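# Next input, structure requested:
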Amino acid sequence: GRPERFLVAGDEARARALQARGAAVRARAEGEPAAAAALEEVQRALASDPVPRLAIATRDAERAGGAAASLAGLAAVVRLEHPEIELSTLDVEDQGDGLAERLLAPRSPGRYLFRDGERLRASPSLVDLQAAAPWRAREDRTYLVTGGTGALGRLVVRWLAGRGARHLVVLNRSEGDLAGARSLRGDVARPEDVARVLADVRASMPPLAGVFHLAGVLDDGVVLRQDAGRFARVFEPKARGAWNLHEATLDLPLDRFVLFSSTAGLLGSPGQSNYAAANAFLDGLARRRAAQGPPATSIQGGPWTGLGRARARGADGLEPAAALDALDRILAVAPVEIAVVPPSWERLLAPLVPAAPDLLRRLEDVPAGEREEAILAWVREAIGQVLGLPPSQPIDPASGLFDVGLDSLLAIELRARLQTAVGPGHGLAPTLVFDHPTAEALARHLASRLSPAPPAVESDAELRLRELERLSDDALEAALRAKLDALERPERAP
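This next block holds a predicted model:
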């Protein structure tokens with residue numbers, strides 16, 4: 001089978017155990033950022049020939065949180081952009097006998113937990129919150145919102161006021177006043193700024209009862225173009241900011257500590273590996289904080305209609321009114337971790353289900369002369385699914401894909417869909433859709449890649465060379481002398 005590499009984060013003993021069984025292992029160095037190390041390893045694997053399978057092993061990141069929790073978000077995006085790498089994350093809580101063998105056992109790509117000697121596959125479950133009563137803020141307490149001057153932040157600030165909050169503080173790096181809220185300038189990524197704002201609230205306002213962390217920035221780019229600096233830029237306000245708020249409020253009697261995460265960290269989002277990793281860190285931090293006792297809720301929000309990237313994966317967006325109604329009920333129940341997805345949630349959850357190379361199966365019984373036509377039909381179907389078109393509106397085979405609604409992020413999703421369909425044995429270039437920007441061009445390229453190679457026919461010269469290679473040194477020297485003698489001998493007249 002294909003080779004597999006392991007990146008082991010935070011457990012040198014496990015790295016040595018895997019190496020002792022012949023596995024190719026890189027252990028994350030002490031102090032090396034987990035996400036940066038994993039990104040580098042993914043890029044190194046993608047540059048290899050052949051591309052190996054990759055597994056990232058962490059130690060209790062699902063429960064304890066910490067930097068390693070971010071790796072699940074990065075992995076979710078890698079699985080979407082590059083299914084050929086067949087990436088798995090393996091989070092281990094126990095240290096029982098035979099653990100290394102269980103880690104090395106065959107598996108399909110995905111997110112796995114090793115608990116009490118068993119290997120479990122992580123997957124979400126649906127929760128019905130319709131019976132939960134709407135949450136009410138306390139009028140005699142203060143609520144702090146970070147990132148409150150952004151589009152989503154303004155909605156949440158107004159929603160909090162509507163839910164009864166009379167004392168609202170917005171912490172933001174830029175200037176911006178909001179009706180009914182006190183604006184304090186500061187950088188949530190700087191612990192001294194967080195401490196200053198909390199001291200101000202303590203001195204001049206009612207006790208703090210809730211924190212709502214919405215701060216964040218984007219720096220989108222495909223995995224192959226990301227680097228540690230771009231990851232750091234996204235991590236600063238989102239992940240470091242959340243950590244600073246967590247540490248500064250651990251001893252405060254808060255009612256709610258709410259982290260606005262994203263489904264990108266759970267399901268992936270093409271072109272957003274840094275953002276997905278930062279949001280997965282928030283999910284891990286909520287689990288860590290809740291385990292320590294204080295309240296914590298991480299809300300993995302899907303795309304909102306009119307805000308952010310609702311169409312980035314061809315999915316319906318969350319209507320703001322419905323999303324805020326869900327927020328009402330979530331805060332009443334206060335789960336540690338919950339995802340809010342739009343009505344097309346089945347499509348968003350599709351990456352959690354292992355996919356098989358279905359195009360190859362379709363072609364098994366197709367005559368050779370009809371293969372390209374069958375591939376074209378499948379490609380048109382796949383393009384329609386990525387663009388969200390109904391089956392009754394098939395794409396014109398000759399139309400330029402970027403002229404009919406495809407953008408760079410959807411191109412990544414289409415390429416990933418095609419790669420999954422043909423399987424890891426037929427590697428497709430990251431620029432596939434840009435190099436072949438119509439359905440018929442894609443179909444021709446796939447047909448050429450999937451066609452069985454014709455039997456090799458050697459030329460007379462190649463056959464003679466093979467014969468010479470089989471000769472001993474003495475026989476080869478004798479043959480050369482005979483050839484030279486023949487060339488030096490004068491031709492005889494017939």
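# ok, now how distant is Pro83 from Val211?
Computed with C-beta to C-beta, to the nearest Å, the distance linking Pro83 and Val211 is 38 Å. Quick note: C-beta positions are derived from backbone N, CA and C, even for glycine.
# For Cys53, name its beta-bridge partners.
Cys isn't right for residue 53; it's Arg. Beta-bridge partners for Arg53, by DSSP bridges, are Glu4.
# ok, now which ones touch it?
2-5, 85-88, 424 (C-beta atoms under 8 Å, 6 or more residues apart in numbering).
# run the last query once more with 10 Å
Arg53 sits next to 1-6, 45, 84-88, 107, 109, 424 when contact means C-beta atoms under 10 Å, 6 or more residues apart in numbering.
# Mind giving me the packing neighbours of the helix or strand hosting Gly210?
Taking DSSP states H and E as the criterion, Gly210 maps to strand 208-213. Contact analysis of strand 208-213 by 3 or more C-beta pairs under 10 Å, 6 or more residues apart in numbering; DSSP states H and E lists strand 142-146, helix 151-162, strand 167-172, helix 191-204, helix 241-249, strand 256-262, strand 297-301, helix 320-333 as its packing neighbours.
# which stretch among the ones you listed comes nearest Arg417?
Of all the helices and strands packed on strand 208-213, it is strand 256-262 that lies closest to Arg417, at 21.8 Å by C-beta to C-beta.
# and the helix or strand just after the closest one, what does it pack onto?
Using DSSP H and E, the helix or strand that follows strand 256-262 in sequence is helix 264-267. Contacting helix 264-267 under the criterion 3+ C-beta pairs under 10 Å, 6+ apart are the following elements: helix 71-81, helix 273-292, strand 297-301, strand 337-340, helix 345-349.
# Would you mark the buried spots in stretch 86-97?
Of the residues in stretch 86-97, those scored as buried under the neighbour-count criterion (16 or more other C-beta atoms under 10 Å) are 86-92.
# Among those, which ones are in strands?
Using DSSP state E, the members of the buried residues of stretch 86-97 that fall within strands are 88-92.
# Low-confidence ranges, the stretch 151-300 of the chain, go.
For the stretch 151-300 of the chain, the stretches flagged by pLDDT under 70 are 175-177.
# 90 instead?
Counting by pLDDT under 90, the stretch 151-300 of the chain contains low-confidence ranges at 151, 173-180, 267-270.
# which parts of stretch 371-388 are buried?
Going by 16+ other C-beta under 10 Å, stretch 371-388 has these buried residues: 371-372, 374-376, 378-380, 382-387.
# no no, stretch 6-25
The neighbour-count check on stretch 6-25 (16+ other C-beta under 10 Å) flags 6-11, 14-15, 17-19, 23, 25 as buried.
# where's it relative to the chain centroid, distance-wise?
A distance of 23 Å separates the C-alpha centroid of stretch 6-25 from that of its chain, computed with C-alpha atoms, centre = their mean, to the nearest Å.
# Likewise for stretch 226-243?
Here stretch 226-243 is found 15 Å from its chain centre; the criterion is C-alpha atoms, centre = their mean.
# Export it to CSV, keeping only CA atoms.
In CSV, the C-alpha atoms belonging to stretch 226-243 read as follows (Å, rounded to 0.1, in the frame of the first residue of the first chain):
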residue,chain,number,x,y,z
GLN,A,226,-0.3,29.2,3.5
ASP,A,227,2.6,29.8,5.9
ALA,A,228,3.3,30.3,9.6
GLY,A,229,2.9,34.1,9.3
ARG,A,230,-0.5,33.9,7.8
PHE,A,231,-1.6,31.4,10.4
ALA,A,232,-0.3,33.7,13.2
ARG,A,233,-2.2,36.7,11.8
VAL,A,234,-5.5,34.8,12.0
PHE,A,235,-4.7,33.1,15.3
GLU,A,236,-4.0,36.4,17.1
PRO,A,237,-7.5,37.9,17.6
LYS,A,238,-9.4,34.7,17.4
ALA,A,239,-7.4,32.1,19.4
ARG,A,240,-5.0,34.2,21.4
GLY,A,241,-7.8,36.6,22.2
ALA,A,242,-10.0,33.8,23.5
TRP,A,243,-7.1,32.5,25.6
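# So for it, what gets flagged as buried?
Applying a neighbour-count criterion of 16+ other C-beta under 10 Å, the buried positions in stretch 226-243 are 226, 228, 230-232, 234-243.
# so what's the residue nearest to the spatial centre of the chain up against?
Residue closest to the average C-alpha location in the chain (C-alpha atoms, centre = their mean): Val77, at 1.7 Å. The contact partners of Val77, taken as C-beta under 10 Å, 6+ apart, are 42, 87, 222-223, 226, 264-265, 267-277, 280, 351, 412.
# follow-up on the earlier one: is it possible to export the ones in strands among the buried residues of stretch 86-97 to TSV including pLDDT and distance to Arg289?
Compiled in TSV, these are given as follows (pLDDT from 0 to 100; distance: C-beta to C-beta, whole Å):
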residue	pLDDT	distance to Arg289
Ser88	94	27
Thr89	94	22
Leu90	94	24
Asp91	93	18
Val92	91	22
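# Please identify which of the residues you listed is nearest to Ala199.
When those are compared for distance to Ala199 (C-beta to C-beta), Asp91 comes out closest, at 37.8 Å.
# what sits against that closest one?
Each residue near Asp91 by C-beta under 10 Å, 6+ apart is listed here: 9, 56-64, 68-69, 71-72, 111-115, 120, 122.
# residue contacts, Val42?
So, once contact is read as C-beta under 10 Å, 6+ apart, Val42 ends up touching 5, 7, 54, 56, 74-75, 77-78, 81-82, 85, 87, 223-224, 226, 273.
# let's see it at 7 Å
Contacts for Val42 (C-beta atoms under 7 Å, 6 or more residues apart in numbering) come out as 54, 78, 85, 223.
# separation between it and Arg240?
With distances defined as C-beta to C-beta, the gap from Val42 to Arg240 amounts to 22 Å.
# quick one on the thing from earlier: for the buried residues of stretch 371-388, please prepare JSON lines with the additional fields pLDDT, distance to Val188 and secondary structure.
Rendered in JSON lines, the data for the buried residues of stretch 371-388 read as follows (pLDDT from 0 to 100; distance: C-beta to C-beta, whole Å; DSSP: H, G, I helix; E, B strand; the rest coil):
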{"residue": "Arg371", "pLDDT": "88", "distance to Val188": "56", "secondary structure": "helix"}
{"residue": "Glu372", "pLDDT": "89", "distance to Val188": "55", "secondary structure": "helix"}
{"residue": "Ala374", "pLDDT": "91", "distance to Val188": "54", "secondary structure": "helix"}
{"residue": "Ile375", "pLDDT": "91", "distance to Val188": "51", "secondary structure": "helix"}
{"residue": "Leu376", "pLDDT": "93", "distance to Val188": "51", "secondary structure": "helix"}
{"residue": "Trp378", "pLDDT": "90", "distance to Val188": "48", "secondary structure": "helix"}
{"residue": "Val379", "pLDDT": "92", "distance to Val188": "46", "secondary structure": "helix"}
{"residue": "Arg380", "pLDDT": "93", "distance to Val188": "47", "secondary structure": "helix"}
{"residue": "Ala382", "pLDDT": "89", "distance to Val188": "42", "secondary structure": "helix"}
{"residue": "Ile383", "pLDDT": "92", "distance to Val188": "42", "secondary structure": "helix"}
{"residue": "Gly384", "pLDDT": "90", "distance to Val188": "43", "secondary structure": "helix"}
{"residue": "Gln385", "pLDDT": "85", "distance to Val188": "39", "secondary structure": "helix"}
{"residue": "Val386", "pLDDT": "85", "distance to Val188": "36", "secondary structure": "helix"}
{"residue": "Leu387", "pLDDT": "86", "distance to Val188": "38", "secondary structure": "helix"}
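# Please consider this matter closed, and thank you.
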